[in-house]
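In: Structural data only, the sequence is not supplied:
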């Protein structure tokens with residue numbers, strides 16, 4: 001009788017991993033995993049880093065075998081490649097049959113980096129005495145632990161967490177995830193969001209009262225058929241010559257709405273506040289793969305035009321013009337916008353990149369910036385509802401909406417430009433995780449909750 005083949009186990013499972021598996025039937029990952037497992041993992045990684053000098057590019061990674069009763073440690077470092085060379089930024093990583101294991105390799109490397117970068121980061125992102133760099137890496141490690149256990153996550157409930165794995169921190173007022181709250185605390189998230197929004201956009205842009213009353217009265221007369229569309233356009237055209245650049249572009253957008261509202265909805269206004277051919281910036285509805293690479297196609301791009309060809313992109317848009325789209329589709333659009341704008345910053349060396357998302361008659365604007373080493377913030381800066389017809393046009397032209405639109409225009413023209421310090425972007429850069437789709441649950445469930453607002 002031939003001898004039995006020996007099964008080679010390279011190493012015993014880490015203490016905290018065994019602890020997690022032994023209790024997997026009793027743990028609620030939103031509560032216990034976040035608060036306990038991450039701390040157990042961090043303690044183990046600290047000890048490993050201290051004893052063996054583990055680096056951020058260390059090849060050790062956890063592989064979950066088909067029999068989940070044991071964890072094997074692999075010496076295969078061919079998993080998800082994370083390049084430190086920004087010259088190859090965001091190149092596609094091939095998807096193979098072993099992608100799930102490769103993703104797990106990457107997730108464990110994220111947890112290892114929590115320890116290594118904590119020790120070597122001499123310029124952490126501090127906010128009110130709180131080390132946000134460390135908390136963000138802890139947040140990434142938490143999500144990595146959850147994914148090692150659950151393999152995929154529903155994008156509707158975890159769009160913030162999936163974005164964090166490609167180094168993006170979602171910050172939207174009153175729209176924070178439960179997992180992020182446990183790591184950062186709700187108070188910290190609220191204060192950070194408010195601080196960044198105040199720093200990015202001003203909602204106190206002045207608009208002359210007499211101009212506001214003239215426009216409001218004309219729009220009211222138009223909706224009541226007291227004035228014709230041609231008369232309103234003529235009055236606004238004359239008035240525009242008395243305004244500064246931002247106010248004038250906004251009024252041109254209102255003029256465009258009067259003539260094109262029924263067919264194109266958002267484009268007449270957007271093409272005036274975040275586009276200007278005289279400044280060689282164009283809003284285009286292309287549905288093509290952007291120059292910054294990737295596999296997805298944005299519905300719209302905001303591009304610089306160099307001579308006869310379009311060059312670098314400084315913004316992106318996604319649009320779902322009907323109300324009935326499911327939340328999964330909307331969340332995927334939001335996640336894509338976050339990745340598009342991150343890639344634009346990395347490749348084009350921008351200070352910021354703008355994104356807008358349209359759902360039916362609602363529109364939300366975001367700005368992405370590279371705030372610290374390995375931390376890109378994706379901040380909601382404005383949200384409002386567009387009119388459905390000329391009769392509703394006066395409801396758009398309120399002082400609140402005017403200030404929002406002027407603020408968005410100012411943010412775009414002042415921040416979505418090539419950085420004067422590209423070396424800082426190179427230093428802070430982290431590679432985009434292009435295989436993030438493999439981490440998303442493919443099932444669709446209308447009962448899943450989403451903290452992001454769509455259509456409200």
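Out: Good, I have the coordinates. Model, not experiment: these values are computed from the prediction.
In: Just give me the neighbour total for the nearest residue to residue 207 once chain neighbours are set aside.
Out: Using CB to CB, 6 or more residues apart in numbering and skipping the chain neighbours, the partner closest in space to residue 207 is residue 402 (5.2 Å). Bear in mind the C-beta positions are built from the backbone N, C-alpha and C, glycine included. Neighbourhood size, residue 402 [other CB atoms under 10 Å]: 20.
In: and if you look at residue 290?
Out: By the criterion of other CB under 10 Å, residue 290 has 19 neighbours.
In: which stretch of helix or strand covers the closest residue to it other than its chain neighbours?
Out: Leaving out its chain neighbours, the residue that sits closest to residue 290 by CB to CB, 6+ apart is residue 313, at 5.5 Å. Secondary structure assignment for residue 313, by DSSP states H and E: strand 309-320.
In: For the host helix or strand of residue 160, name the packing helices and strands.
Out: Using DSSP H and E, residue 160 sits within helix 155-164. Applying 3 or more CB pairs under 8 Å, 6 or more residues apart in numbering; DSSP states H and E, we find helix 155-164 packed against helix 132-150, strand 168-171, helix 178-184, helix 327-348.
In: neighbouring strands for the second one, and are they parallel or not?
Out: Spelled out, that is strand 168-171. Strand pairing for strand 168-171, using DSSP bridges, gives strand 375-385 (parallel).
In: And the partner strand, what's buried?
Out: Buried residues in strand 375-385, defined by neighbour count with 16 or more other CB atoms under 10 Å: 375, 376, 377, 378, 379, 380, 381, 382, 383, 384.
In: on that earlier part again, adjacent strands (with direction) for the strand holding residue 313?
Out: The pairing partners recorded for strand 309-320 under DSSP bridges are strand 300-306 (antiparallel), strand 353-359 (parallel).
In: which stretch among those comes nearest residue 183?
Out: For residue 183, the closest of the strands paired with strand 309-320 is strand 353-359, at 24.4 Å, according to CB to CB.
In: one step back: can you put the helices and strands packed on helix 155-164 in TSV and add distance to residue 207, mean neighbour count and mean pLDDT?
Out: Formatted as TSV, those follow (distance: least, CB to CB, whole Å; neighbours: other CB atoms under 10 Å; pLDDT from 0 to 100):
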stretch	distance to residue 207	mean neighbour count	mean pLDDT
helix 132-150	35	22	91
strand 168-171	28	24	96
helix 178-184	36	20	95
helix 327-348	28	23	94
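In: Dump the ones you listed into CSV; add distance to residue 389 as well.
Out: As requested, these are arranged in CSV below (distance: least, CB to CB, whole Å):
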stretch, distance to residue 389
helix 132-150, 44
strand 168-171, 34
helix 178-184, 40
helix 327-348, 24
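In: closest one to residue 206 among the ones you listed?
Out: Distances from residue 206 to each of those were compared using CB to CB; the minimum, 27.2 Å, belongs to strand 168-171.
In: who's in contact with that closest one?
Out: 136, 159-160, 163-164, 177, 180, 189, 192-193, 196, 338-339, 342, 368, 375-380 (CB atoms under 8 Å, 6 or more residues apart in numbering).
In: which regions of the chain lie under the pLDDT threshold?
Out: When the per-residue scores of the chain are filtered using pLDDT under 70, the ranges that remain are 1-122, 258-265, 292-294, 322-325, 390, 455-456.
In: Let's see that with 80 instead.
Out: Confidence mapping of the chain against pLDDT under 80 gives the ranges 1-122, 255-265, 287-296, 306-308, 321-325, 387-394, 434-435, 454-456.
In: so where do the strands sit in it?
Out: Listed in chain order, the strands found in the chain under DSSP state E are 61-64, 71-74, 126-127, 130-131, 168-171, 281-284, 300-306, 309-320, 353-359, 362-372, 375-385.
In: Need the residues that contact the helix holding residue 160.
Out: With CB under 8 Å, 6+ apart as the test, helix 155-164 has contacts from 136, 139-140, 143, 146, 153, 169-170, 176-177, 179-180, 327-328, 331-332, 334-335, 338-339, 378, 436, 439-441, 445, 448-452.
In: Next: stretch 222-240.
Out: For stretch 222-240, the external contacting residues (CB under 8 Å, 6+ apart) are 211, 214-215, 218-219, 221, 248, 251-252, 254-255, 258-259, 390-394.
In: filter those residues to the buried ones?
Out: 211, 215, 218-219, 221, 251-252, 254-255, 258, 390, 393-394.
In: Restricted to helices, list those residues.
Out: Helix and strand membership here follows DSSP state H; of those, those in helices are 211, 215, 218, 219, 221, 251, 252, 254, 255, 258, 393, 394.
In: ok, how many other residues are close to residue 225?
Out: Burial of residue 225 is recorded as 10 neighbouring residues (other CB under 10 Å).
In: The strand holding residue 313 versus strand 362-372: what angle between them?
Out: Between the direction of strand 309-320 and that of strand 362-372, the angle (axes from the mean of the first three to the mean of the last three CA atoms, to 10 degrees) works out to 120 degrees.
In: List the buried residues of strand 309-320.
Out: Using 16+ other CB under 10 Å as the burial criterion, the residues of strand 309-320 that qualify are 310, 312, 313, 314, 315, 316, 317, 318, 319, 320.
In: wait, isn't the last one in contact with residue 333?
Out: Meaning residue 320. Yes: under the criterion of CB atoms under 8 Å, residue 320 makes contact with residue 333 at 7.0 Å.
In: Identify the contacts common to those two.
Out: The contact sets of residue 320 and residue 333 do not overlap (CB under 8 Å, 6+ apart).
In: okay, how far is it across stretch 172-179, tip to tip?
Out: The separation between the terminal residues of stretch 172-179, taken as CA to CA, to the nearest Å, is 15 Å.
In: buried set for that stretch?
Out: Applying a neighbour-count criterion of 16+ other CB under 10 Å, one finds 172, 175, 176, 177, 178, 179 buried in stretch 172-179.
In: for the residue lying closest to the second one once chain neighbours are set aside, what are its contacts?
Out: In space, not counting the residues next to it along the chain, residue 175 is nearest to residue 451; the distance is 4.9 Å by CB to CB, 6+ apart. Taking CB under 8 Å, 6+ apart as the contact definition, residue 451 lies against 157, 160, 175, 176, 177.
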